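Visitor: using only what follows, build the 3D model:
(one chain, ligands or ions: 1)
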Amino acid sequence: MKTINDFIKAKEEKRKITMISTYEYWSAKICEEAGIDCILVGDSAGNVISGYETTLPVTLDEMIYHAKAVRRGAPNTFIVVDMPFLSYQVSVEKAVENAGKIMKETGANAVKIEGGEEIISIAEKLINSGIPVMGHLGLTPQSVHALGGYKVQGKTQEQQKKIIKDAKMLEQTGVFSIVLEAVPSNLAKEITEFLDIPTIGIGAGKYTDGQVLVFHDMLGFFDKSPKFVKRYLEGKKLFTEALEKFKNEVNTGKFPSEEHIYQ
Ligand code: KIV
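Guide: The predicted structure follows:
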């Protein structure tokens, strides 16, 4: 993906989009080398990197720090940066100022904001200011307290109607893609079919136009994974084994051996 037009083109040509959420140089470099279409510098950095329970404490400066490192690691990849909690909801002016700071300082290609009808005027102003916007519907983690926890969304008819209406409004406003998080597969399918812009799912089944996973989740760095995560590696186990081996070899004098010593 080079530009937002490539997202629409991928949908037209029925090519699935891959997106990975990650936060620093080396993982971004690996994503680019693996040919991942798009990197999301997600505010899940708050959970994954900082160890917070929610994404709420994440600051704009932290997102900019992560995004700069990701851009250095993946100079040729399309990068979307999450606008953190209350960096855009407070006012249209604040949203443009903060999104502008992200775009100017990080070299990102787009920003992502959470919500539907309630953030339409903000999305519109960002887009009219020349900042591409990715939407995010369903389980929107910045509203975790209002939603009553990390729960699947769109189970009731009322919720479904709202998500469908929000998706239509976001598309009309000009967002180039929408993340659908933790919604039933049939709802994601319906939304994907009526939108011309691509949907990128996480816990939204297989009918979305693309899939996004968090780097550390899909590589198995946590003890437990939610149902929607496929662990492509048992990272925590492998890293722990390597560290145990290092400790053991240092203690027994096996490391460093001749090959690792300057003469
Ligand atoms: O913050 C994040 O990583 C995200 C993805 C899970 C979609 O928003």
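
Visitor: now the closest residue to the ligand within the chain: how far from Gln172?
Guide: Closest to the ligand within the chain is Gly42: 2.2 Å, counting by C-beta to the nearest ligand atom. Heads up, the C-betas are built off the backbone N, CA and C, glycines and all. As for Gly42, its distance to Gln172 is 25 Å (criterion: C-beta to C-beta, to the nearest Å).

Visitor: these two - which one has more neighbours?
Guide: More crowded of Gly42 and Gln172, by other C-beta atoms under 10 Å: Gly42, with 29 against 10.

Visitor: correct me if wrong: that one contacts Ile79.
Guide: No - when contacts are counted by C-beta atoms under 8 Å, Gly42 is not listed as touching Ile79 (11.2 Å).

Visitor: dump stretch 220-236 to PDB, restricted to CA.
Guide: In PDB, the C-alpha atoms belonging to stretch 220-236 read as follows (Å, rounded to 0.1, in the frame of the first residue of the first chain):
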ATOM      1  CA  GLY A 220       2.600 -15.400  21.400                       C
ATOM      2  CA  PHE A 221       4.200 -13.100  23.900                       C
ATOM      3  CA  PHE A 222       1.300 -13.200  26.400                       C
ATOM      4  CA  ASP A 223       0.300 -16.200  28.500                       C
ATOM      5  CA  LYS A 224      -3.300 -16.100  27.400                       C
ATOM      6  CA  SER A 225      -4.800 -15.000  24.000                       C
ATOM      7  CA  PRO A 226      -8.300 -13.900  23.300                       C
ATOM      8  CA  LYS A 227     -10.400 -16.300  21.000                       C
ATOM      9  CA  PHE A 228      -9.800 -14.200  17.900                       C
ATOM     10  CA  VAL A 229      -6.000 -14.300  18.100                       C
ATOM     11  CA  LYS A 230      -4.100 -17.000  16.300                       C
ATOM     12  CA  ARG A 231      -0.600 -17.500  17.800                       C
ATOM     13  CA  TYR A 232       1.800 -17.900  14.900                       C
ATOM     14  CA  LEU A 233       4.700 -18.400  17.300                       C
ATOM     15  CA  GLU A 234       5.100 -19.200  21.000                       C
ATOM     16  CA  GLY A 235       7.300 -16.200  21.500                       C
ATOM     17  CA  LYS A 236       7.200 -16.000  25.300                       C
END
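
Visitor: next, the buried residues of it.
Guide: By neighbour count, and taking 16 or more other C-beta atoms under 10 Å as the criterion, the buried residues in stretch 220-236 are 220-222, 228-229, 235.

Visitor: now the strands for the stretch 151-263 of the chain?
Guide: Read by DSSP state E, counting those that start in this stretch, the stretch 151-263 of the chain holds these strands, from start to end of the chain: 177-181, 199-202, 210-214.

Visitor: quick one: is the shortest one near the ligand?
Guide: Yes - using C-beta under 6 Å from any ligand atom, strand 199-202 comes into contact with the ligand via Ile202.

Visitor: let me know whether the least confident helix or strand in the chain by mean pLDDT sits next to the ligand.
Guide: Sorted by mean pLDDT, DSSP states H and E, the helices and strands of the chain end with helix 144-147, the least confident at a mean of 96. No - no part of helix 144-147 sits close enough to the ligand to count as contact by C-beta under 6 Å from any ligand atom; the gap is at least 12.0 Å.

Visitor: next one: that helix to chain centre, how far?
Guide: In terms of C-alpha atoms, centre = their mean, to the nearest Å, the gap separating the centre of helix 144-147 from the centre of its chain is 19 Å.
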